[in-house]
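Colleague: Predicted coordinates and the sequence they were generated for:
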Amino acid sequence: MKKTSTGILATVLCLILGPIADGWAEYSRDYLDSHPLVTTQMPGPKIAYRRVGPPAAETAVLVMGLGASHTVWGDDFVRGIVDSGYQVLLIDNRDTGGSIKYRDEHNPVIWWQLVKYRLGLPVSATYRLSDMAADVIRVMDEIGLDKGHLIGASMGGMIAQEVAVLYPDRTQTLVSIMSTTWGDHLPEPGQQSTAAIRDIADNEEQSEDRLNWMSRMGFHREAIPRQVMAILEAGDRSESVASIKVPTLVIHGRNDRLLTVEHGVHTAEMIEGSKLIIYDDMGHNLPDSVRPQILQEIATLLGTNAVGPSD
């Protein structure tokens, strides 16, 4: 059975509002901002990206979640991957950061789309998860990157999964962090998360400090309606995710109140041979306490699947 309309809206909004509701702290982005932000010149929507680290090294491609620009990864996480010997390619999904923006008139009527989704009817979307996956490939094409290690968080994990499904020859490894297949049977958020969403989603009820924090850290609330519809349009992706064959690491927090641990477990179950790691001290965030362990696990996956000279 399809998720309830209330549950759907709460879940997808949680993907961006989670960093505020689930304990994300202030983080530095000075290191990231010290590298030039450029946009694609090839035909198609303009997508912004940054490259950090040794240019001759293998590349980890980082994709963030709903309404979030690449800066939400924060300096410490990106430095950790660079220190492991990799170049990092950071991408702003369309509608965020320096990438193409869409106008308010492009917004779908969410309540109507939720009704259609509940009834099993096609949902209208300004763009699709597959379009955002294609954006990742277009950036890779522009910089001449044949294969990348795809790392995605939350909705970014869904996009990274889509890249692995649609472009397996361009995907060296996959890391899916606090993400989901959006399986119909997976749990919805609890009342506590729904109440937090209702408060945060109301412009007039938000404090100035909260709005300023979101803007400074790289969150783009205006993208939410369009990206919500991209998620709903894709629907249950369990079958396609099951086709992923690249080496995969699935990371989830046992205390994730937004996409509960069952979402990570199911993702790992769908991808044959994948490794699942659940951190007890992690929610829908990348806390300081587990970041070193996460980075070590990622470095192990990437190092084990490095492209050798004969490849």
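Modeller: Nice, thanks for sending it over. Not measured: the values here are computed from a predicted model. Numbers count the residues shown, from 1 in each chain.
Colleague: going forward, measure contacts and count neighbours with C-alpha atoms only.
Modeller: Fine.
Colleague: in the stretch 151-300 of the chain, which ranges drop under the pLDDT threshold?
Modeller: In the predicted model of the stretch 151-300 of the chain, residues 189-207, 210 satisfy pLDDT under 70.
Colleague: mind listing the strands for it?
Modeller: Ranges of strands in the stretch 151-300 of the chain, per DSSP state E, counting those that start in this stretch, are 171-177, 248-253, 275-279.
Colleague: Tabulate those in JSON lines, adding columns for mean neighbour count and distance to residue 112.
Modeller: Below are the strands of the stretch 151-300 of the chain laid out as JSON lines (neighbours: other Cα atoms under 10 Å; distance: least, Cα to Cα, whole Å):
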{"stretch": "strand 171-177", "mean neighbour count": "26", "distance to residue 112": "31"}
{"stretch": "strand 248-253", "mean neighbour count": "26", "distance to residue 112": "32"}
{"stretch": "strand 275-279", "mean neighbour count": "17", "distance to residue 112": "36"}
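Colleague: and residue 153, bridged to which residues?
Modeller: Here residue 153 sits in beta bridges with residue 177, going by DSSP bridges.
Colleague: Mind jotting down where the helices sit in this structure?
Modeller: 5-21, 30-33, 74-83, 110-118, 129-143, 155-166, 191-200, 208-217, 224-234, 238-241, 261-270, 291-304 (DSSP state H).
Colleague: Could you pull up the contacting residues of the most centrally placed residue in the chain?
Modeller: Residue closest to the mean C-alpha point of the chain, counted by Cα atoms, centre = their mean, is residue 156 at 1.5 Å. Under the criterion of Cα atoms under 8 Å, 6 or more residues apart in numbering, the neighbours of residue 156 are 63-66, 179.
Colleague: Please apply the same query to residue 54.
Modeller: For residue 54, counting by Cα under 8 Å, 6+ apart, the contacting residues are 82, 85-87.
Colleague: swap in residue 307?
Modeller: Counting by Cα under 8 Å, 6+ apart, residue 307 has contacts residue 58.
Colleague: same question, residue 306
Modeller: residue 58.
Colleague: phi, psi of it?
Modeller: In terms of degrees, to the nearest 10, the main-chain angles of residue 306 are phi -70, psi 150.
Colleague: Quick check: pLDDT value at residue 10.
Modeller: On the pLDDT scale, residue 10 is placed at 53.
Colleague: should've said residue 25
Modeller: In this model, residue 25 carries a pLDDT of 61.
Colleague: same thing with the one 4 residues further on?
Modeller: Each residue has a pLDDT score; the one for residue 29 is 91.
Colleague: Check the one 10 residues further on too.
Modeller: pLDDT, residue 39: 97.
Colleague: And for residue 53?
Modeller: 97.
Colleague: That one: what's its closest spatial neighbour, skipping adjacent residues?
Modeller: Distances taken as Cα to Cα, 6 or more residues apart in numbering place residue 87 nearest to residue 53, at 4.4 Å, with adjacent residues excluded.
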